[in-house]
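**Q** sequence plus the predicted model coming up.
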Amino acid sequence: MTDLKSIVDSVYHDLSDRIGEGKLADYIPELATVDPKQFGIALVTTDGKLYSAGDAETAFSIQSISKVFTLTLALGKIGDGLWKRVGREPSGNAFNSIVQLEQEKGKPRNPFINAGAIAVADVVLAGHAPKEAIGEIVQFIRQLADDDTIAIDHNVARSETNTGYRNVALANFMRSFSNLNHPAEHVLGVYFHHCAVAMSCHQLAHAGLYLASGGRNPLSGGSVVSPSRARRINALMLMCGHYDGSGDFAYRVGLPGKSGVGGGILAIAPDKASIAVWSPGLNENGNSQLGSAALELLAQRTGWSVFGQ
Ligand code: GLN
């Protein structure tokens, strides 16, 4: 029987002298003000046990990890129709790259690069005012985490709204290919706000449990998505969740994972646990440097991987 408590504690302990490594996502001015010397781990098993270490209760900007939740909502709204608008292939490019989008006529490679998530936000926006769509996303995340205190960090949302020129370009570019049904400002309003949701590792690991449990929330017993949809979202996380670092993450960790430039990573060990790690310093691909190292050690020490031991 794996002693998860001592594994989580040992991973934290063995990496603690590296806290502060990596580079903050200073292209979003508000994220440049975060203290880089923070590191948290939370692991919630499918039977609801929590193992945590370090800053596991400190809220941080989940950024692109939110794309897992908006993808889940968009699939709930239009099902496989989504794949007419967004692909399912790794991009091999940076998360904010525009090059492929021109070559592929405005259809983003996958729902986790910025362009793909902006198209997904357009789907979630359908039939709503931007405020309502943002409310629906936050409510969905609160329900998944069973925690009504989860909220948007409006300073981060404002900071990105004021400086997110590349995302404005991506959105307008897609609109020119008729792959956006709403005005770019409205879609980006939804996108910037869901990226600015603040959560702790503990809350995030709880919210991700449905992906570790065949689409059901094992604690409430409620169904979030079908088992096959959960499996497919995990497949997308594995192939595309770390952008042009996805291959390396699969090689080193071997679990579906989704990173965000706030320094968080959500990883799923199917039928075992949902794991969230956070440390704000990023590597060259925009993925948490210490967070990736923590998940690599954790996967080694638990023996968890979707590829076998
Ligand atoms: N909001 C960020 C952006 O659009 C999300 C990027 C990320 O977390 N990789 O640039």
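**A** Perfect, I can see it now.
**Q** return the residues of the protein in contact with the ligand.
**A** By CB under 6 Å from any ligand atom, the residues of the chain that approach the ligand are 63-64, 95-96, 114, 160, 167, 195, 260-261, 286. Where C-beta positions appear, they are placed from N, C-alpha and C, glycine not excepted.
**Q** so what's residue 178 up against?
**A** Residues near residue 178 by CB atoms under 8 Å, 6 or more residues apart in numbering: residue 106.
**Q** how about the helices in the stretch 151-300 of the chain?
**A** Counting by DSSP state H, counting those that start in this stretch, the stretch 151-300 of the chain has helices at residues 154-163, 165-176, 184-195, 201-207, 209-212, 227-240, 246-252, 289-302.
**Q** so what does the third one touch, helix or strand wise?
**A** The elements that helix 184-195 packs onto, with contact taken as 3 or more CB pairs under 8 Å, 6 or more residues apart in numbering; DSSP states H and E, are helix 66-78, helix 114-125, helix 130-145, helix 154-163, helix 165-176.
**Q** let's have these in a markdown table, adding mean pLDDT and mean neighbour count.
**A** Listed next are the helices and strands packed on helix 184-195 as a markdown table, based on pLDDT from 0 to 100; neighbours: other CB atoms under 10 Å:
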| stretch | mean pLDDT | mean neighbour count |
| --- | --- | --- |
| helix 66-78 | 98 | 22 |
| helix 114-125 | 98 | 27 |
| helix 130-145 | 98 | 19 |
| helix 154-163 | 98 | 18 |
| helix 165-176 | 97 | 18 |
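**Q** now the ones you listed in a markdown table, with distance to residue 270?
**A** Output for these, formatted as a markdown table (distance: least, CB to CB, whole Å):
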| stretch | distance to residue 270 |
| --- | --- |
| helix 66-78 | 14 |
| helix 114-125 | 23 |
| helix 130-145 | 17 |
| helix 154-163 | 31 |
| helix 165-176 | 32 |
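**Q** out of these, which gets nearest to residue 54?
**A** Across the helices and strands packed on helix 184-195, residue 54 has its closest neighbour in helix 130-145 (19.2 Å, CB to CB).
**Q** tell me the angle that closest one makes with helix 114-125.
**A** Interaxial angle, helix 130-145 versus helix 114-125 (axes from the mean of the first three to the mean of the last three CA atoms, to 10 degrees): 100 degrees.
**Q** who touches helix 130-145?
**A** 66, 69-70, 72-73, 121, 124-125, 128, 148, 150-152, 186, 189-190, 193-194, 197, 199, 203-204, 206-210, 217, 224.
**Q** and the worst-scoring helix or strand of the chain on mean pLDDT, what does it pack against?
**A** When each helix and strand of the chain is scored by mean pLDDT, DSSP states H and E, helix 99-103 comes last, with a mean of 93. Contact partners of helix 99-103 among helices and strands, from 3+ CB pairs under 8 Å, 6+ apart: helix 165-176.
**Q** CA atoms of the helix it packs on as PDB?
**A** The C-alpha trace of helix 165-176 is given here as PDB (Å, rounded to 0.1, in the frame of the first residue of the first chain):
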ATOM      1  CA  TYR A 165      -2.800  42.300 -27.400                       C
ATOM      2  CA  ARG A 166      -1.900  38.900 -28.800                       C
ATOM      3  CA  ASN A 167      -5.100  37.400 -27.700                       C
ATOM      4  CA  VAL A 168      -7.000  40.300 -29.300                       C
ATOM      5  CA  ALA A 169      -5.100  39.500 -32.500                       C
ATOM      6  CA  LEU A 170      -5.900  35.800 -32.300                       C
ATOM      7  CA  ALA A 171      -9.600  36.500 -31.700                       C
ATOM      8  CA  ASN A 172      -9.900  38.900 -34.600                       C
ATOM      9  CA  PHE A 173      -7.900  36.600 -36.800                       C
ATOM     10  CA  MET A 174     -10.400  33.800 -36.100                       C
ATOM     11  CA  ARG A 175     -13.300  36.100 -36.600                       C
ATOM     12  CA  SER A 176     -11.900  36.900 -40.100                       C
END
